[in-house]
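Next comes the sequence, and after it the predicted model I'd like to discuss.
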Amino acid sequence: MATLLKKRSTRAAVIAAAAVLASAPYASAVARQASSKPVVADVRTLAALDFTVGDSPENITVNPDNSLTVSTLGGHTAAGARPALLRIDPSGRTTVIVAGQQGDAFSGIARDRDGTTYYNVASDDASRTGVWKLPPGGTPRRIAALPTDGLPNGLALDPAGRTLYVADSDKSTVWAVPASGGQATAWLTDPALAPDPSVPFGANGLRFHRGAVWVSNSAQGTLLRIPVTATGAPGRIHTVTSGLSSVDDFNFLNDRTDVVFAAQNGLDQVAVVHPDGTTRTVLTASDGLASPTSVAVRGNRLYITDAGFADPHDAKVQRGTISPAALNRGPAS
């Protein structure tokens, strides 16, 4: 986002600011003591990417064939670079499936059961910013515009496949977008989604899980659960934890549990959040983490996107193995 970078702090600068808040008083949840057996082991690089050409990974989804779809930040990290959607197969081979425009960034990704991929484009060009749709074997098209003064980030599709939810990191808002295309509406605007002057980066990751929209807030270090009522309106916001300094995107262990894996970007960490709100760090820079932006889970596999914001700009996608026995030493899920 060449001109967007002139309008606001770069994401790298925001993450650096978030790291300064690592010891802020809002980190109130009790951190768990590390167990003798790691929760995530055998962490290795699945695919190395090139930060200098904009291939700084932002979001990730796992496909039925165990390949990955990964979005990249493009011009948000390298001036003039083009963002992309990448397909990474289980061997680590990487191919570009969508290339964006210079200066733009691709952020959140969601996938429908029929193989359709939805993704956010952040741009200062009003004809491009918004939610895009890539049908299987088709070409991408924009299905909803979003404000150019916002920052579309996390993206999720409801189980019925009818509504997409978008976290806007600048506007303290979750947008609702018809999956078939149409006008974006402000589903929820609230101070709990807001950035703050020291970390101008609020609502970040977003997932739809067990009847609720879940949102992380980087500035406030929180993970929020917002029930979706029978009418489709947002219910009362519940703060699951306020102990996730520098949180980026997150994901669930599976569809049946509220156990969360969360990327803590500025801290080079991945944490587990238990349903009672307690947290435990399970991966750190010693495991090779380099500005982790998102995670995905498939069975006992954990996938991590590393944006590589800090020198030596080690942008990559990692893969590790989850130990259920070590994880289950926490509270009931």
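In hand now; what should we look at?

I'd guessed residue 213 sits against residue 174; true?
Yes - shown here, residue 213 and residue 174 form a contact pair, counting by CB atoms under 8 Å, at 6.4 Å. C-beta here means a position set from N, CA and C on the backbone, and glycine is covered the same way.

Quick check: neighbours shared by the two?
Shared contacts of residue 213 and residue 174 (CB atoms under 8 Å, 6 or more residues apart in numbering): 165, 187-188, 206, 226, 234.

So which of these are in strands?
165, 187-188, 206, 226 (DSSP state E).

could those residues be laid out in CSV, adding distance to residue 244?
Below are those laid out as CSV (distance: CB to CB, whole Å):
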residue, distance to residue 244
165, 20
187, 23
188, 20
206, 14
226, 16
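
Name the nearest of these relative to residue 95.
residue 206 (26.8 Å; CB to CB).

Would you mind giving me the confidence score for that closest one?
Listed pLDDT for residue 206 reads 98.

between the ones in strands among the shared contacts of residue 213 and residue 174, which is closest to residue 80?
residue 206 (28.9 Å).

Tell me which helix or strand the residue most central in space within the chain sits in.
What sits nearest the mean C-alpha location of the chain, by CA atoms, centre = their mean, is residue 249, with 3.0 Å. Using DSSP states H and E, residue 249 falls within strand 247-252.

who's in contact with the helix or strand just after that strand?
Heading C-terminal from strand 247-252, the first helix or strand you meet, by DSSP H and E, is strand 260-264. Residues from elsewhere that reach strand 260-264, judged by CB under 8 Å, 6+ apart: 205, 214, 216, 223, 240, 244-253, 269-273, 279, 282, 292-295, 297, 302, 304-305.

any idea of the mean pLDDT for strand 260-264?
Averaged over strand 260-264, pLDDT sits at 98.

And the next helix or strand past it?
strand 269-273.

who does that next one pair up with?
If you go by DSSP bridges, strand 269-273 pairs up with strand 260-264 (antiparallel), strand 279-283 (antiparallel).

Compute the inter-axis angle for it and strand 247-252.
50 degrees (axes from the mean of the first three to the mean of the last three CA atoms, to 10 degrees).

how about strand 269-273 as CSV, C-alpha atoms only?
This file holds the C-alpha atoms of strand 269-273, laid out as CSV (Å, rounded to 0.1, in the frame of the first residue of the first chain):
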residue,chain,number,x,y,z
GLN,A,269,5.2,-16.2,20.3
VAL,A,270,2.3,-18.5,19.9
ALA,A,271,0.0,-18.9,23.0
VAL,A,272,-2.7,-21.4,23.9
VAL,A,273,-5.8,-19.7,25.4
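
This completes my enquiry, with thanks.
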